[in-house]
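Engineer: A predicted structure for the sequence below; I have some questions about it.
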Amino acid sequence: MELELRHLRTIRAIADAGSLTKAATALGLAQPALSAQLKRIERSLGGELFERGRQGVRATALGALVLDRARLVLPAVLELQEEAVRFARSGAPAGAGRRPLRIGGTHGPLLGGLVDRIASRDPGVEVVTHTSWSEREIAASTLEGRLDYALIGTCGESPPPEPGRLVWTEVARDPVFVMLAAGHPLAARPRVELGELAGEAWTDVPGDGCFADCFAAACARAGFAPVSVYETDIASCVHLVQVGRAVGLCRATFPDTPGMVTRPLAGTPLVWRHLLGRHPHAAAAVDAPRMTGHLRAAHRAAVARSGSYTRWLAARPPSEDGDAARDG
């Protein structure tokens, strides 16, 4: 038999009552049942816990040791239970201040910008981040309470993960640009037709969203299928573009980088929406408007850092997708 908390409560009740008869009454048990239980507990611990006499029971040396531990363990467990209930109801443990804000995100510029905004505007808030290539993983962690917010993106009007169970707010939307080596023949163009890149190898970051399908559909509309697509991390994508091994896709907020340029695709065939997700009943939901404001400010800062994006916005003709670059 393994020792359980109920066994420690039984031992303490016997010691406090001073007799098996009084302890049985306090515990709502028949005395024979309590005696049998005590014998099982003593066998599991390797010796007698109480000496029986005319004046009742007295703890043995082993009993005193177990009682000392029980008087530490049982209040601690009770406190843990009470604190857990308060935490579940309020989102913060009593006496511990505000718990860390847990934010999950996929690759992109806004997660870092959000952390920076929170650190500068809300310095008392501790932030814990989690990143994944999987939008579904981030959404599932938010749904299960392991994250407070999910920062992901979707292509065009495609729905995000768990649309009926998480609340999603669109923070901003950007056109998708193409990354070219600085010496690429099309690098001097103000914008590039997607069909002009039909013979190129491509590079992009992995993901389990709809972007790959949206890209394939846009290429099909332009009259070609991609020759090859290298899925890798952002740094490797940039390297492949810089050395001329591939062209890449990026959000328009991608910062200017030595050795490569970003250019808009004519007609804006691909659009990326930045979304903030949360559980509707999570304690952190009360801060959602503030979080959304921080994200929109981080997006504006990212736009300002991209020379190609700011030029595109200034020169955008009325025929371009009016929703692209919408901020809020």
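Structural biologist: Sure thing, it's come through.

Engineer: could you pull up phi and psi at residue 250?
Structural biologist: Taking degrees, to the nearest 10, you get phi -150, psi 160 for the backbone angles of residue 250.

Engineer: sorry, wrong one. I was asking about residue 167.
Structural biologist: phi -90, psi 120.

Engineer: the residue lying closest to it once chain neighbours are set aside and residue 162: what is the separation?
Structural biologist: Leaving aside its sequence neighbours, residue 167 sits nearest to residue 280 (C-beta to C-beta, 6 or more residues apart in numbering; 5.1 Å). (C-beta placed from N, C-alpha, C; glycine too.) Distance, residue 280 to residue 162, using C-beta to C-beta, to the nearest Å: 11 Å.

Engineer: how about residue 276?
Structural biologist: In terms of C-beta to C-beta, residue 276 sits 13 Å off from residue 162.

Engineer: now residue 212
Structural biologist: On the measure of C-beta to C-beta, residue 212 and residue 162 end up 20 Å apart.

Engineer: for the spatially most central residue of the chain, what are its contacts?
Structural biologist: Averaging the C-alpha coordinates of the chain gives a centre point, and the residue nearest to it by C-alpha atoms, centre = their mean is residue 104 (2.9 Å). For residue 104, the set of contacting residues under the criterion of C-beta atoms under 8 Å, 6 or more residues apart in numbering consists of 129-132, 138, 141-142, 147, 149-151.

Engineer: likewise for residue 187?
Structural biologist: Listed by C-beta under 8 Å, 6+ apart, the contact partners of residue 187 are 180-181, 261, 263.

Engineer: can you check residue 155 too?
Structural biologist: For residue 155, the set of contacting residues under the criterion of C-beta under 8 Å, 6+ apart consists of 209-211, 213-215, 270-273.

Engineer: what is the burial count for the closest residue in space to it that isn't next to it in sequence?
Structural biologist: Counting by C-beta to C-beta, 6+ apart, residue 214 is the residue found nearest to residue 155 once chain neighbours are left out, at 4.0 Å. Here the count is done by other C-beta atoms under 10 Å, and residue 214 has 19 residues near it.

Engineer: one more: the one 4 residues further on?
Structural biologist: Here the neighbour count serves as a burial measure; for residue 218 (other C-beta under 10 Å) it reads 18.

Engineer: higher neighbour count, residue 276 and residue 162?
Structural biologist: Between residue 276 and residue 162, counted using other C-beta under 10 Å, residue 276 has the larger neighbour count: 25 against 18.

Engineer: which elements pack onto the helix or strand containing the more buried one?
Structural biologist: Assigned by DSSP states H and E, residue 276 falls within strand 271-278. Using 3 or more C-beta pairs under 8 Å, 6 or more residues apart in numbering; DSSP states H and E as the contact test, the elements touching strand 271-278 are helix 135-143, strand 149-155, strand 167-181, helix 288-305.

Engineer: let me know which of those is tucked in deepest.
Structural biologist: Of all the helices and strands packed on strand 271-278, strand 149-155 has the most neighbours on average by mean count of other C-beta atoms under 10 Å, namely a mean of 24.

Engineer: about what we covered before: quick one: the residue nearest to residue 167 is in a strand?
Structural biologist: No. Assessed with DSSP: H, G, I helix; E, B strand; the rest coil, residue 280 is coil; it does not lie in a strand.

Engineer: report the separation between it and residue 148.
Structural biologist: Distance, residue 280 to residue 148, by C-beta to C-beta: 13 Å.

Engineer: the two - which one has more neighbours?
Structural biologist: residue 148 (25 against 9).

Engineer: touching, the more buried one and residue 286? I think so.
Structural biologist: No. Under the contact definition of C-beta atoms under 8 Å, residue 148 does not touch residue 286, with a separation of 10.9 Å.

Engineer: run through the protein and note the low-pLDDT ranges.
Structural biologist: Screening the chain residue by residue with the criterion pLDDT under 70, one finds the ranges 81-98, 317-328.

Engineer: could you chop it up by domain?
Structural biologist: 5-90, 101-315 (automatic domain parsing).

Engineer: ok, residue 178 touching residue 265?
Structural biologist: Yes. With the criterion set as C-beta under 8 Å, residue 178 and residue 265 qualify as a contacting pair; they are 5.8 Å apart.

Engineer: residues that sit against both of these two, list them.
Structural biologist: 192, 194.

Engineer: how many residues are close by the nearest residue to residue 297 once chain neighbours are set aside?
Structural biologist: With sequence-adjacent residues excluded and distances taken as C-beta to C-beta, 6+ apart, residue 297 is closest to residue 117, at 5.9 Å. Other residues near residue 117 come to 20 when the count uses other C-beta under 10 Å.
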